[in-house]
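Undergrad: Have a look at this prediction, sequence included:
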Amino acid sequence: MNNKNTVKSKDDIAYIESTLTRESWKIFQIMAEFVDGFENLACIKPSVSIFGSSRTDPNHAYFKKAEIIARLLSDAGFSVVSGGGPGIMEAANKGAFAGKSSSIGLNIQLPHEQTTNEYQDISLNFRHFFTRKVMFLKYATAYIVLPGGFGTLDEMAEILTLVQTGKTRKIPIILVESKFWSGLIDWFKNTLAEEGTISKSDLDLIKIIDDPQEAVNSIFDYYRSRTFEPSAEEKERMLQL
C-alpha cells in the first residue's frame with residue numbers, strides 16, 4: 001500500500017527533527033512558568049481575580065471604580081490578582097497596593113499594548129496565555145469582571161466554562177457595570193438559553209453588581225456558610241485544571 005505521507009526528503013526530515021527539538025524544549029519553558037506561578041502564588045489565598053480593559057483611561061469612571069473595589073478587597077483581607085498591565089488592570093493593582101493585602105500582576109508578553117504597571121507586590125511574567133489563565137483560576141476565591149474587550153470576554157468565558165462543566169469549584173463571578181453587560185446577558189438568556197446551548201440555570205453563575213461595596217459584600221455572603229479554602233474534593237478536582 002502506497003502511503004505518500006511516509007515518503008520524506010532529507011530536507012523534510014531535517015526540518016521535522018529541528019521542529020521537534022524546538023517544540024520539546026518549549027515544554028520546559030512551559031513547565032518553568034507553571035512552577036514559578038505555583039511557588040509565588042500558593043501563599044496569596046484568599047484572592048480575587050479582577051479583569052477589564054487594558055485601554056481604559058485612568059480618568060475614566062470604570063478605572064476609578066476598579067480601584068475602589070480593589071482597595072476594599074485588599075483592606076478586607078483579599079489578595080488582588082490582575083493581568084499586570086495598564087487600564088483596569090492597573091486600577092486593580094493600584095487599589096490593592098494601597099490596601100493591606102498583596103497586589104499581584106500576572107504580566108503577559110505581547111507585541112503591543114501590554115506594559116507592566118508599577119503597583120505590584122508580586123509580579124510574574126508569562127509568554128503563554130494558557131499558563132497565565134491557570135494562575136488566574138487556581139487560587140481565586142472570586143472573579144470580578146469590569147468592562148473590557150476580547151481578552152476580558154475570554155477570561156470570563158473560561159471561568160464560566162470550567163464551573164459549568166465541574167472542572168473547578170463554584171465561586172462568585174461578578175460583572176460590574178450593568179449598563180455595559182446587559183446586552184450580553186440578554187443574549188445569553190434570550191438566545192443561548194432559549195436555543196438550549198446553555199441551561200437556564202447556568203445564568204445563575206453570574207451576578208451583575210454596580211456598587212463596589214456591594215460587590216465585596218456579595219463575596220462574603222457567598223462564603224458565609226463555608227470557608228474560603230477549597231474542600232478536599234474541590235482540591236482534587238482543581239488538580240485537573
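TA: Okay, I see it. Numbers count the residues shown, from 1 in each chain.

Undergrad: From here on, just use CA atoms for contacts and neighbour counts.
TA: Fine.

Undergrad: any chance you could map the helices in this structure?
TA: 10-41, 61-75, 88-98, 129-138, 150-164, 178-187, 194-195, 212-222, 232-238 (DSSP state H).

Undergrad: For the longest one, buried residues please.
TA: By neighbour count, and taking 16 or more other C-alpha atoms under 10 Å as the criterion, the buried residues in helix 10-41 are 33, 34, 37, 41.

Undergrad: ok so, going back, weakest of the helices of the chain in terms of mean pLDDT?
TA: Mean pLDDT across those is lowest at helix 10-41; the value there is a mean of 82.

Undergrad: by contact count, what packs against that helix?
TA: Under the contact criterion of 3 or more C-alpha pairs under 8 Å, 6 or more residues apart in numbering; DSSP states H and E, helix 10-41 touches strand 122-126, helix 129-138.

Undergrad: one more time with 10 Å, if that's ok
TA: Secondary-structure packing of helix 10-41 (3 or more C-alpha pairs under 10 Å, 6 or more residues apart in numbering; DSSP states H and E): strand 103-108, strand 122-126, helix 129-138.

Undergrad: Find the one among the ones you listed with the highest mean neighbour count.
TA: Ranked by mean neighbour count, the helices and strands packed on helix 10-41 are led by strand 103-108 with a mean of 24 (mean count of other C-alpha atoms under 10 Å).

Undergrad: what's it packed up against?
TA: Judged by 3+ C-alpha pairs under 10 Å, 6+ apart, the packing partners of strand 103-108 are helix 10-41, strand 47-51, helix 61-75, strand 79-82, helix 88-98, strand 122-126, helix 129-138.

Undergrad: and with 6 Å instead?
TA: Counting by 3 or more C-alpha pairs under 6 Å, 6 or more residues apart in numbering; DSSP states H and E, the packing neighbours recorded for strand 103-108 are strand 79-82, helix 88-98, strand 122-126.

Undergrad: what lines up beside the shortest one in the sheet?
TA: Sheet pairing of strand 79-82 (DSSP bridges) gives strand 47-51 (parallel), strand 103-108 (parallel).

Undergrad: Not counting its own residues, what contacts it?
TA: Strand 79-82 is contacted by residues 44, 47, 48, 49, 50, 89, 101, 102, 103, 104, 105 when judged by C-alpha atoms under 6 Å, 6 or more residues apart in numbering.

Undergrad: What distance do you get for the residue most central in space within the chain to residue 162?
TA: Residue closest to the average C-alpha location in the chain (C-alpha atoms, centre = their mean): residue 136, at 4.0 Å. Distance of residue 136 to residue 162, given as C-alpha to C-alpha, to the nearest Å: 13 Å.

Undergrad: Residue 208 now?
TA: From residue 208 to residue 162 the distance is 19 Å (C-alpha to C-alpha).

Undergrad: mind checking the end-to-end distance for stretch 189-196?
TA: 10 Å.

Undergrad: so residue 108 touches residue 124, yeah?
TA: No: if you go by C-alpha atoms under 6 Å, residue 108 and residue 124 don't touch, sitting 8.5 Å apart.
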